[in-house]
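Undergrad: Quick one: sequence plus predicted model below, questions after.
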Amino acid sequence: MIEEIFTLARGPERTVEKVVQDDNVDYIHMLFNKDEGLPPHYSNSNVYMTVLQGTLTIGLNDQDDHFYPAGTLLKIPYQTKMNVRNTHEDLLELLVIKAPAPKNYPRD
């Protein structure tokens, strides 16, 4: 078999699963219920965040929170402060791709 197969969690419990982490990319699947999310942190690569279901609440650097519905793709630059969470009733499902893979990101 040439391909590798990965199965994503279907919820509804809080999930942050690092599906693929290799030399090319980090591919992360996340599920958050209301009032769940990630601790504030800085992006360690370029981040491509797709909202698959629900509504994402995100604060970037010093901006006010923004809200993004399912079907939205955000491109977030390296070293951006991120506050990712779900402030809505519906389950929030995200796919996050980090490229290049953080372990290969050029450091200062």
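TA: Looks like it came in fine. Just so it is clear, the structure is predicted and the values come from calculations on it, not from any experiment.
Undergrad: If the residue nearest the centre of the chain is in a bridge, with which residues?
TA: Geometric centre of the chain, nearest residue: residue 96, 3.7 Å, by CA atoms, centre = their mean. With DSSP bridges as the criterion, residue 96 is bridged to residue 28, residue 49.
Undergrad: Next one, pLDDT for it please.
TA: Turning to residue 96, the model gives it a pLDDT of 98.
Undergrad: pretty sure it is touching residue 47, no?
TA: Yes: with contacts counted by CB atoms under 8 Å, residue 96 reaches residue 47, the gap being 6.2 Å. (Glycine included, C-beta is placed from N, CA and C.)
Undergrad: which stretches of the chain have low pLDDT?
TA: 106-108 (pLDDT under 70).
Undergrad: Tell me where it has helices.
TA: In the chain, no helices are found when defined by DSSP state H.
Undergrad: now the closest residue to residue 25 other than its chain neighbours: how far from residue 40?
TA: Spatially, and ignoring its direct neighbours in sequence, residue 25 is nearest to residue 99 (5.1 Å; CB to CB, 6 or more residues apart in numbering). Distance of residue 99 to residue 40, given as CB to CB, to the nearest Å: 22 Å.
Undergrad: cool, and residue 56?
TA: Residue 56 is 15 Å from residue 40, by CB to CB.
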